[in-house]
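Engineer: Sequence and predicted structure, then a few things I'm wondering about:
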Amino acid sequence: MPVGTRCTTAGTGDYLIAFALPVNPRHDAPRNIPWPLRDVQQAVTAHEILADGRIHLTIEHRPLPGVSTEMLAWWYRVLPLGKVQFDGALRPLYHLFHPTEHGRIWVEGAAADGRPGVGAGGVVARYEWFGPYDSEGAAPVIELSSRRFVTRPRVAGVTIGELCHDWSDSTQGAAYTVDTVIGVDWPVVGPLVNFLLRRYVFSEGMLREWKRHQVEEVGLLPHFLPELYAQRNDRNIYRLPEP
């Protein structure tokens, strides 16, 4: 069941506006965002099933004009902390992602360096939805640097894979790739556990929507991240100009 309805604004055909109330009560109300969403076909996406049943998923995004690797590292560090004035209200930074699928993110364990926000040695949690699929979980942060963001999600205390977001600078803007392995590498029972994960959690439909969601999310960064980075401050309160 869709969480909302999207339509194109009259006269442009480029910008997406969500106007329906969400069906799921856990979903925050949609908001208007003045930026176009990238189509999933504008990235190179793939997933395969490994010999032991784990899922290997990759996404190669188009370059992000105006975005640097330092901006990306800063963004993921402060994402659970900051708020931004846009669409008529002071909202969590995460609400800049998607008209209807913006979700939420929070810190469950402090970073090892003692700084606020997301960092290596800490634990980050999130609640998201991709079309009809809800997703919630927490993951220790293995690395957050100017080159990558690596987490290892856990379910009931068991690590079920690794998500690695890699960045590099280019003349066209930051190059951004995602390399994810989902499942366990246990002997004997591992393939059965991985089959159950594919059957009941990470279905083909869910993976398809996840890739679409990720492409849209990263594709929005050039529209607001350079502006927010220029405003960085200790209070983590930001403002975007009205469109």
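Structural biologist: Now that the structure is in, tell me what you want to look at. Numbers count the residues shown, from 1 in each chain.
Engineer: switch to C-alpha atoms for all contacts and neighbour counts from now on
Structural biologist: Noted.
Engineer: Now stretch 106-124: buried residues?
Structural biologist: Going by neighbour count (16 or more other CA atoms under 10 Å), the buried part of stretch 106-124 is 106-111, 117-124.
Engineer: average model confidence for that stretch?
Structural biologist: The average pLDDT within stretch 106-124 is 97.
Engineer: Contacts for it next, please.
Structural biologist: 76-81, 105, 125-126, 138-144 (CA atoms under 8 Å, 6 or more residues apart in numbering).
Engineer: Then stretch 222-230?
Structural biologist: 35, 64-67, 71, 74-75, 238-240.
Engineer: one more time with 7 Å
Structural biologist: 35, 64-67, 71, 238 (CA atoms under 7 Å, 6 or more residues apart in numbering).
Engineer: Can you get me a residue count around the residue lying closest to residue 40 once chain neighbours are set aside?
Structural biologist: Counting by CA to CA, 6 or more residues apart in numbering, residue 40 lies nearest to residue 212, which is 5.1 Å off, once chain neighbours are set aside. Neighbourhood size, residue 212 [other CA atoms under 10 Å]: 20.
Engineer: for the one 4 residues further on, same thing?
Structural biologist: Residue 216 has 21 neighbours, counted by other CA under 10 Å.
Engineer: Dihedrals phi and psi, it?
Structural biologist: Dihedral angles of residue 216 (phi, psi; degrees, to the nearest 10) stand at phi -60, psi -40.
Engineer: So it versus residue 222, what's the distance?
Structural biologist: Using CA to CA, to the nearest Å, residue 216 is found at 12 Å from residue 222.
Engineer: Check which helix or strand residue 226 maps to.
Structural biologist: helix 204-230 (DSSP states H and E).
Engineer: Rounded mean pLDDT for the next helix or strand after that helix, please.
Structural biologist: Sequence-wise, the next helix or strand downstream of helix 204-230 (DSSP H and E) is strand 237-239. Taken as a whole, strand 237-239 has a mean pLDDT of 97.
Engineer: Paired strands for strand 237-239, with orientation please.
Structural biologist: Strand 237-239 has its sheet partners listed here by DSSP bridges as strand 83-86 (parallel).
Engineer: average model confidence for the strand it pairs with?
Structural biologist: Averaging pLDDT residue by residue across strand 83-86 gives 96.
Engineer: quick one on the thing from earlier: would you agree the residue nearest to residue 40 is in contact with residue 42?
Structural biologist: No - counting by CA atoms under 7 Å, residue 42 is not a contact partner of residue 212; they are 10.1 Å apart.
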